[in-house]
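Novice: what's the 3D shape of this:
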Amino acid sequence: MTKPAKPPRRSHAEAREQAISQIIDVATQEFVEKGLAGARIDEIAGRATKRKIYYYFEGKDELYRAVLERAYRAVRDSEEKVDVESGSATDALRRLIEHGVRYHSQHPELVRLVMNENIHRAEHLKQIADLPQGNRKVIDILRRIIARGEAEGSFRPGIDPIELHMNMTALSFYNVSNQFTFAHNFGIDMTSPEAVERRAKQVGDIIIAWVTRLD
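Specialist: Model (predicted):
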């Protein structure tokens, strides 16, 4: 009888990557719930051993930066997967806008981490090498869409891709950052799939109206 093949052994690099990913998963929850000041390594170590944490990270601040870095890189990676080539520039921009609304709603940890880092005046972001360059990928995407829209005659001239990104992000962000206070004040659920899809279309309509050429 033939013995079943043994599963391939993971390389040291793969094991290291998996261990780091698991630690960052746990740390993300802690930092999102309590912020940098309130988070405790002992709490994180309750689910990921302290020995492993200090093996891969020098301390809480370095672990927090790893959490931030992964959150930012994940949203940028997701944007690169959006189809911005087919259809018109307006179609491409709408797909990217609606993706942003959905992504923020599905990843509230990103919103809370960004809010927390703004409290710290981006002190920790400044210590992450190459992160600004990675974040500018979306600006390059928007710059290409804007150029297409101008060439097609559908976009007004002079749209700044950074301002466009700021407006898109602000309208995507609000649905998560203010969901509890807004729900309490006005009695609406901003988190249901129906509400998110409605908001995605609304934000798309708002931004498209802003970039559309009127004459």
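Novice: now for the residue positioned nearest the centre of the chain: which residues touch it?
Specialist: The centroid of the chain falls nearest to residue 75 when counting by CA atoms, centre = their mean (3.4 Å). Contacts here follow CB atoms under 8 Å, 6 or more residues apart in numbering; on that basis residue 75 touches 103, 107, 110. For the C-beta atoms, the positions are set from N, CA and C on the backbone; glycine is no exception.
Novice: just the strands from this structure, written as ranges.
Specialist: Taking DSSP state E to define them, one finds no strands in the chain.
Novice: about what we covered before: may I see the contacts of residue 75 organised as TSV, with pLDDT and neighbour count added?
Specialist: Output for those, formatted as TSV (pLDDT from 0 to 100; neighbours: other CB atoms under 10 Å):
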residue	pLDDT	neighbour count
103	98	16
107	96	16
110	96	21
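Novice: make CSV out of those and add distance to residue 22.
Specialist: Putting the contacts of residue 75 into CSV (distance: CB to CB, whole Å) gives the following:
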residue, distance to residue 22
103, 23
107, 18
110, 19
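Novice: top helix in the chain by residue count?
Specialist: Criterion DSSP state H: the longest helix present in the chain is helix 12-38.
Novice: and of the contacts of residue 75, the nearest to residue 177?
Specialist: residue 110 (10.5 Å; CB to CB).
Novice: just for this structure, where's the confidence low?
Specialist: 1-12, 46-49 (pLDDT under 70).
Novice: hey, where'd the helices end up in it?
Specialist: 12-38, 41-45, 50-56, 60-80, 89-106, 108-119, 131-135, 137-152, 161-177, 179-186, 193-211.
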